Structure formats: structure tokens, C-alpha cells
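**Q** Give me a 3D structure for the following:
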Amino acid sequence: MKPIDIASTQRRTTIIQHYFSMWLTRDFSKLKQVIATDCYYQECYGPAYCSFAEIQAWI
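**A** This next block holds a predicted model:
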């Protein structure tokens, strides 16, 4: 079994916390720090967004 990379796990956790914080505060000014320009994001109920520009338009 591969050992857990604690630093990487903590970094991911921090990024996810920042993302949810943006939703709670409705301040998306730092969105580019957590979402790549060539990302793919799909809602659990169907809609999909295939780029950072699409996500910005959706938000």
C-alpha cells in the first residue's frame, strides 16, 4: 500500500475549504486559484461546465 502524502492531502483540503468559503461569502475573486482554466465541473443533477469561463458565467 502506498503511504499517504499528508502535505498533499492538507493542500487539497485547504483548496476545498476555500472553494466552499467562496460560496458562503459569494466572493469569487480568488476562483482562479482553485479552479484550472481547462477544468470540467458537473453538477450532481446534470449540467456540466467545460472551462473556467463557463464556470464564471454560471456563478
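**Q** ranges for the strands of the chain?
**A** Secondary structure of the chain (DSSP state E): strands located at 41-42, 48-49.
**Q** tell me the most buried of these?
**A** By mean neighbour count, with neighbours taken as mean count of other CB atoms under 10 Å, strand 48-49 ranks first of the strands of the chain at a mean of 14. For every residue, glycine as well, the C-beta is placed using N, CA and C.
**Q** tell me the phi and psi of the residue nearest to Ile59 when sequence neighbours are not counted?
**A** Nearest-residue entry for Ile59: Phe28, 5.5 Å, with adjacent residues in sequence omitted and distances by CB to CB, 6 or more residues apart in numbering. Phe28 adopts backbone torsions of phi -100, psi 20, taken as degrees, to the nearest 10.
**Q** Export the strands of the chain as CSV, with columns for distance to Thr9 and mean pLDDT.
**A** CSV is the format used below for the strands of the chain (distance: least, CB to CB, whole Å; pLDDT from 0 to 100):
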stretch, distance to Thr9, mean pLDDT
strand 41-42, 21, 93
strand 48-49, 26, 96
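**Q** Save these as a markdown table, and put in distance to Gln33 too.
**A** Conversion of the strands of the chain to a markdown table gives the following (distance: least, CB to CB, whole Å):
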| stretch | distance to Gln33 |
| --- | --- |
| strand 41-42 | 15 |
| strand 48-49 | 18 |
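**Q** now for the ones you listed, which one comes closest to Pro3?
**A** Pro3 lies closest to strand 41-42 among the strands of the chain, at 30.0 Å (CB to CB).
**Q** Each with direction, which strands does that closest one pair with?
**A** strand 48-49 (antiparallel) (DSSP bridges).
**Q** Now tell me what touches the partner strand from outside.
**A** Applying CB atoms under 8 Å, 6 or more residues apart in numbering, the contact partners of strand 48-49 are Cys39, Tyr40, Tyr41, Gln42, Ile55, Trp58.
**Q** Run a quick neighbour tally on the residue nearest to Ile59.
**A** 15 (other CB atoms under 10 Å).
**Q** Now for it: which residues touch it?
**A** By CB under 8 Å, 6+ apart, the neighbours of Phe28 are Met22, Gln56, Ile59.
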